[in-house]
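Participant: Predicted structure and sequence below. I'll ask about it afterward.
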Amino acid sequence: MRCLPGSLLLSATAISITLANSPFSSFYHQLLGEFKFLGHFNVHMLVNDFLMAIFFLLVGLEIKHELLYGNLSSFKKASFPIISALGGVIIPAIIFMWFNKGTQFEAGVGIPISTDIAFAVGIFMILKNKLNPSLKIFLLSLAVVDDLISIIVIGVLYSSNINFKILYLALFLVCILMYMNIRLKIHKIYPYLIIGLFIWGLIYLSGVHATISGVLIAMSIPSTKLSGERETISSKLERRLNPLCSLFILPLFALANTAITLNLNIDISNSYTLIKGIVAGLSIGKPLGIMTFAFIATVLGITEKPKGSTWLSIFSVSILAGIGFTMSIFVSEIAFDNNSEFVSIAKISILLASLISIISTYIVATLTSKNATSNKSYTFKHKKTA
């Protein structure tokens, strides 16, 4: 079941690219971008600004749970994935800027820093017989921290012409939600969602990217149980949103955002630095940053690697973090909002980097598992001879 979201994302991407390069291409693009409803909204905007806010609500709930009760709840638990994630953000960003500083592409620095949780975990489950199963928690924690950093980057780098009066009004409503949670002890989900809808609208109008509203709402939803409650409101909502996001919203996002026309009309002659920055940032920078920061921190005694894991098995999982896919595509849409050609080139680069990461993970994991098997066999024979 865990690999289903990844499979759906892959299928949705294949369908989207096929439609974009078929006789139905013009109709498909019109359906996504030109069919208007609710004023100026189209399908593409509905998915990216509204449905992705619901996805970020889920991400916010997951981050909150990890901070309060999970693998990020104490320094000992959190230090290894947090330090690893920092490396997996800083090194890809440096690599991207190495190629693109001072160019028209430098706004895309946020593209190679993200990890697609659903896709990465889906591939992990497909390759679970070749990977160390105990490192799934590490991958999840790593991706959660990645998402938190990506949210901050989106809020800081990709929000423009901010209307602070509207933003302050949205933050005032967030404070009301906090008051409802902490002081009034309201443990019904609907008041939070209704006021949350207004928060989304205000943040959208303020100029800050609307998906940030999902995280703000998540932080205000109760995470403690009242007497007689079996489950917290936060965990109940998270449980309900999980299938909605993984089986509907993310595949729909892939359908709406990977409609890449693979023709010769796209001029890549002046875009090689963008391609290099994204592909190298994700497929090389991610595992390099994760491993470098994790190894140095472990040697210095700041943290320790997960029990039962080897550096080689951690390396196998770190390559999976190079699957930026939906998160990276989402950032590319925001970063190059006014240039469809840059967006298309960025998307092709992200897909290429994700494919390289998947193939590399398979190769390294296969070699690692074979090596582990031969070592076990040797140890068994050695003991038997002795």
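Facilitator: All right, it came through fine. Numbering: from 1, shown residues only.
Participant: Distance from the chain centre to stretch 187-198, please.
Facilitator: Remark: stretch 187-198 is offset 25 Å from the chain centroid, using CA atoms, centre = their mean, to the nearest Å.
Participant: Help me confirm that Leu351 comes into contact with Ala254.
Facilitator: No. Leu351 is beyond contact range of Ala254, at 10.5 Å (criterion: CB atoms under 8 Å). Any C-beta I mention is one placed from the backbone N, CA and C, and that applies to glycine too.
Participant: Neighbour count: those two, which is higher?
Facilitator: The residue with more neighbours, out of Leu351 and Ala254, is Ala254; 26 against 20, by other CB atoms under 10 Å.
Participant: Now the more buried one: closest residue in space that isn't a chain neighbour?
Facilitator: Leaving aside its sequence neighbours, Ala254 sits nearest to Ala12 (CB to CB, 6 or more residues apart in numbering; 3.9 Å).
Participant: Please tell me the pLDDT value assigned to that neighbour.
Facilitator: We have a pLDDT of 90 for Ala12.
Participant: again with the one 3 residues further on
Facilitator: We note a pLDDT of 94 for Ile15 in this prediction.
Participant: Please apply the same query to Asn265.
Facilitator: 65.
Participant: Use 54 as the first number for this chain going forward.
Facilitator: I'll keep to 54 as the first residue from here, and by that count the last item is Asn318.
Participant: follow-up on the earlier one: any residues in contact with both of Leu404 and Ala307?
Facilitator: Common neighbours of Leu404 and Ala307, using CB atoms under 8 Å, 6 or more residues apart in numbering, are Thr66, Phe378.
Participant: Which residues are in contact with the residue nearest to Ala307?
Facilitator: Pro304, Leu305, Ala307, Leu308, Thr311.
Participant: Could you measure from it over to Phe301?
Facilitator: 10 Å (CB to CB, to the nearest Å).
Participant: try Glu357
Facilitator: Where Phe301 is concerned, Glu357 sits at a distance of 39 Å (CB to CB).
Participant: again with Leu84
Facilitator: 18 Å.
Participant: show me the residues around the closest residue to Ser324 other than its chain neighbours that make contact.
Facilitator: Among residues not flanking Ser324 along the chain, Ile398 sits closest, at 4.9 Å (CB to CB, 6+ apart). Ile398 makes contacts with Ile319, Ile321, Ser324, Leu327, Ile328, as judged by CB under 8 Å, 6+ apart.
Participant: now those in TSV, with secondary structure, neighbour count and distance to Ala223?
Facilitator: Compiled in TSV, those are given as follows (DSSP: H, G, I helix; E, B strand; the rest coil; neighbours: other CB atoms under 10 Å; distance: CB to CB, whole Å):
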residue	secondary structure	neighbour count	distance to Ala223
Ile319	coil	16	38
Ile321	coil	14	40
Ser324	coil	20	37
Leu327	helix	25	34
Ile328	helix	18	37
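Participant: May I ask which of these comes out lowest in pLDDT?
Facilitator: Ile319 (66).
Participant: Now do the residue positioned nearest the centre of the chain against Trp364, distance only.
Facilitator: Nearest residue to the geometric centre of the chain (CA atoms, centre = their mean): Asp169, 3.7 Å. Separation of Asp169 from Trp364 (CB to CB): 24 Å.
Participant: Is Ser75 located within a helix, as I assumed?
Facilitator: No. Counting by DSSP: H, G, I helix; E, B strand; the rest coil, Ser75 falls outside a helix, being coil.
Participant: Now do the same contact list for it.
Facilitator: Counted by CB under 8 Å, 6+ apart, Ser75 has contacts Tyr81.
Participant: ditto for Gly254
Facilitator: Gly254 touches nothing, counting by CB under 8 Å, 6+ apart.
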